[in-house]
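S.K.: Sharing a sequence plus its predicted fold:
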Amino acid sequence: MNTPASRTPYRVETRTRTSSIAGFTAIAVVVLLVVLPAFASRSLIQDLFFILTMLTLAQFWNLLAGYGGLVSVGQQAFVGIGAYALFSTVILWGLDPVPAILLGGLAALVLAVPFGFFAFRLQGAYFAIGTWVLAEVARLVVAQWKAVGGGTGTSLPRSATESIIFTSEIATLFGVRASAARDILAYWLALVLAIVAIGGIYWLLRSKRGLALAAVRDNPQAARSVGVDAQRVKWFVFLVAALGTGLTGALIYMQKARISPDAAFSLNDWTAYVIFIVVIGGIGTIEGPIVGVLVFFALQALLAQYGAWYLMVLGVIGIGVMLLAPRGLWGSFSDRTGIQLFPIRRRLVVGALTPKTPSREE
Amino acid sequence: MSIIALDSVSKSFGALKVADAITFEVRAGEALGIIGPNGAGKSSLFNLITGNLAADSGSIRFLDEDVTRQSAMQRCLKGIGRSFQIPQPFGKMTVFENLLVAAAFGQGRSERAVAMQAAEILERTGLLGRANVLADSLSLLERKRLELARALATDPKLLLLDEIAGGLTEGECGQLVRTIRDIHANGTTIIWIEHVLHALTSVVERLLVLDFGKVIGIGEPASIMASPQVREIYLGIEV
């Protein structure tokens, strides 16, 4: 079956011209974001921290639901467990909060094993409800843990927050107070996490595993029949999403420095908003959550003061987008223009339309 | 040497026996046709061979190895490829990507290593012009072709084809027969379920007749079609 490459007129392309331009733009944006603390206000840094962490959560939920077909509404369990792992190791073991973030990710990974063991027995809507129930169980269990404040929660001790590594260097570098330096550190960590998440997910989707993921999402039975280990693929994305969500949760609560089970395991804050971001932006695309988080942030800045009205407007917008543009804002834009910033399609290009074949007469 | 051997394989769904002590062998390089009325258990037999269904009893040996308890994925990796009667494309992937995933995982090779092969299979199955469209947007005919192409992409030693000629025009059918003959000539063993008898008999060396989950005849097409029992059950009472 092997044909020498020189004879075949085909080639496979993934990159597009816009994707090359997007690559350079992305590098410029990243450089700008890295140096931003030098001249941005503290409130802008805090807003960007919020945007970046929500974006990271959205990217991992999108990986799970949009690419893996696993619609989980229990991801707040991993935010909560990651955050509580950070608080408990800082409070009980005296660990520095920054390395404790890694333990937060690890704790989420460990929790994902029994979580997946139960949830993978369920399909579709049952899987969604099942993950929600499991997350509630995790919240109720953590609320019994008296050493970290039980149901009322606790704060990071002042001794820990004041001596976080790198903060004194950042404070002298930018000439700001310790609390502002802590925000800058958290912002930089959020930036790293968002870049690693987007880059890692993009790399995954471009790899052979990305093909398997799409095949399992589209048709698990047919996927198995062409040699894809569907169960392993599901486990892989579930564990990766749990790890990323746990790391993000730990980071969010390091910055907040105050935790309670109801807040850290909040369905609204860490899953409902995240689903909103992914759905209005465009599920199943990397660009979607980026667009979605910006829309979400703008809406929140404009409407948050109206309380319940704000949530109703979010709901109406969510329903409207689902009805009018089911593929989300970016999805509709991409369908019309063909523009993709992170293309993953493998396009088969016929090199020469009329391949030269030696004629008999020669 | 037999490539696949079933020994009294049975499967029931409640009171319904879809496979009733099915026993037969297929030699390596052979082409076997399977016929039988609707609901005879033909597709279920395929599901049992590929591992999409687990047998209640009996054993299935592939290349002299007992695969009865192995998963569909493992059996695909061993060399059993199949098409589905009701096409099961990866709808949100392009036609080319459908083949790419089958070739890369079915053969356990890298995407790069199988890309050209996948392109050639598209060419052979007449899908090259549709390579970059989503599988969901294909017509039924093209979906059936995709089933064949995707099964071929796994580079199977045993290829199971489930009613891929239904609804084709004479010309398309002739083209399909030529493609399957080519595949067969390359040494691939084929088991083909088909209602379009003339297409089937122009390729296969033996016919197996299935009714109510039972093998009621296996042998050369001419003698099978001549048997009164088969004529009665399969073609309806006549002559």
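M.R.: That came through fine. Residues are numbered from 1 along each chain as shown, chains lettered A, B, ... in the order given.
S.K.: which helix in chain A runs the most residues?
M.R.: Longest helix in chain A, counting residues (DSSP state H): helix A:178-206.
S.K.: Would you tell me what the next helix or strand after that one is?
M.R.: Counting by DSSP states H and E, the next helix or strand C-terminal to helix A:178-206 is helix A:208-218.
S.K.: Would you mind pulling the contact partners of that following helix?
M.R.: A:67-69, A:204-205, A:222-223, A:226, A:228-230, A:233-234, A:236-237, A:344, A:346, B:89-93, B:97, B:100-101, B:104-105, B:110-111 (Cβ atoms under 8 Å, 6 or more residues apart in numbering or on different chains). In short, each C-beta sits where N, CA and C put it, glycine included.
S.K.: could you point out which element follows that helix?
M.R.: Assigned by DSSP H and E, the successor of helix A:208-218 is helix A:220-225.
S.K.: Give me the buried positions along that next one.
M.R.: Under the neighbour-count criterion of 16 or more other Cβ atoms under 10 Å in any protein chain shown, helix A:220-225 has A:Pro220, A:Ala222, A:Ala223, A:Arg224, A:Ser225 buried.
S.K.: just for the chain, where's the confidence low?
M.R.: This is for chain A. Within chain A, the stretches with pLDDT under 70 are A:1-8, A:352-362.
S.K.: try again with chain B
M.R.: For chain B, the stretches with pLDDT under 70 are B:234-239.
S.K.: change it to 90
M.R.: By pLDDT under 90, the low-scoring segments of chain B are B:1, B:37-39, B:124, B:126, B:140-141, B:165-176, B:195-198, B:216, B:225-239.
S.K.: That one: strands as residue ranges?
M.R.: B:2-13, B:16-27, B:31-35, B:57-62, B:65-66, B:80-82, B:158-162, B:189-193, B:206-211, B:214-219 (DSSP state E).
S.K.: hey, which of those strands is tucked in deepest?
M.R.: Comparing the strands of chain B by mean neighbour count (mean count of other Cβ atoms under 10 Å in any protein chain shown), strand B:80-82 ranks first with a mean of 29.
S.K.: for that strand, packing partners?
M.R.: helix B:42-50, helix B:140-153, strand B:158-162 (3 or more Cβ pairs under 8 Å, 6 or more residues apart in numbering or on different chains; DSSP states H and E).
S.K.: still on that earlier bit, which stretch among the strands of chain B comes nearest A:Gln59?
M.R.: In terms of Cβ to Cβ, the element of those nearest to A:Gln59 is strand B:80-82, at 35.9 Å.
S.K.: what about that closest one, distance to the chain center?
M.R.: 7 Å (Cα atoms, centre = their mean, to the nearest Å).
S.K.: who touches it?
M.R.: Against strand B:80-82 from outside (Cβ under 8 Å, 6+ apart): A:225-226, B:4, B:46, B:49-51, B:62, B:106, B:151-152, B:154-162.
S.K.: strands paired with that strand, and their directions?
M.R.: Strand pairing for strand B:80-82, using DSSP bridges, gives strand B:158-162 (parallel).
S.K.: Tell me where the longest helix sits in chain B.
M.R.: In terms of residue count, the longest helix belonging to chain B (DSSP H) is helix B:170-185.
S.K.: Alpha carbons only: can I get that one in PDB?
M.R.: Extracted as PDB, the C-alpha positions of helix B:170-185 are listed here (Å, rounded to 0.1, in the frame of the first residue of the first chain):
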ATOM      1  CA  GLU B 170     -26.400  -0.600 -12.200                       C
ATOM      2  CA  GLY B 171     -23.300   1.400 -13.100                       C
ATOM      3  CA  GLU B 172     -22.500   2.300  -9.500                       C
ATOM      4  CA  CYS B 173     -23.000  -1.300  -8.500                       C
ATOM      5  CA  GLY B 174     -20.700  -2.500 -11.200                       C
ATOM      6  CA  GLN B 175     -18.100   0.000 -10.000                       C
ATOM      7  CA  LEU B 176     -18.500  -1.200  -6.400                       C
ATOM      8  CA  VAL B 177     -18.100  -4.900  -7.500                       C
ATOM      9  CA  ARG B 178     -14.900  -4.000  -9.300                       C
ATOM     10  CA  THR B 179     -13.600  -2.200  -6.200                       C
ATOM     11  CA  ILE B 180     -14.400  -5.200  -3.900                       C
ATOM     12  CA  ARG B 181     -12.900  -7.600  -6.400                       C
ATOM     13  CA  ASP B 182      -9.700  -5.600  -6.300                       C
ATOM     14  CA  ILE B 183      -9.600  -5.700  -2.500                       C
ATOM     15  CA  HIS B 184     -10.200  -9.400  -2.700                       C
ATOM     16  CA  ALA B 185      -7.500  -9.900  -5.300                       C
END
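S.K.: Okay, buried residues for it please.
M.R.: Buried residues in helix B:170-185, counted by 16+ other Cβ under 10 Å: B:Cys173, B:Leu176, B:Val177, B:Thr179, B:Ile180, B:Ile183, B:His184.
S.K.: neighbours of the nearest residue to the fifth one once chain neighbours are set aside, just the number please.
M.R.: Put plainly, it is B:Ile180. Leaving aside its sequence neighbours, B:Ile180 sits nearest to B:Val203 (Cβ to Cβ, 6 or more residues apart in numbering or on different chains; 5.5 Å). Close neighbours of B:Val203, defined as other Cβ atoms under 10 Å in any protein chain shown, add up to 20.
S.K.: just A:Trp93 next, same as before
M.R.: A:Trp93: 9 surrounding residues under other Cβ under 10 Å.
S.K.: residues in contact with it?
M.R.: Contacts of A:Trp93 (Cβ under 8 Å, 6+ apart): none.
S.K.: Next: A:Thr14.
M.R.: A:Thr14 is in contact with A:Arg206, A:Pro343, A:Ile344, A:Arg345, A:Arg346, A:Arg347, counting by Cβ under 8 Å, 6+ apart.
S.K.: measure the fifth one to B:Asn98 for me?
M.R.: Think A:Arg346. 11 Å (Cβ to Cβ, to the nearest Å).
S.K.: What of the second one?
M.R.: Distance from A:Pro343 to B:Asn98, counting by Cβ to Cβ: 18 Å.
S.K.: higher neighbour count, the two?
M.R.: It is B:Asn98, of A:Pro343 and B:Asn98, that has more neighbours when counted by other Cβ under 10 Å, with 32 against 20.
S.K.: Good, wrapping up.
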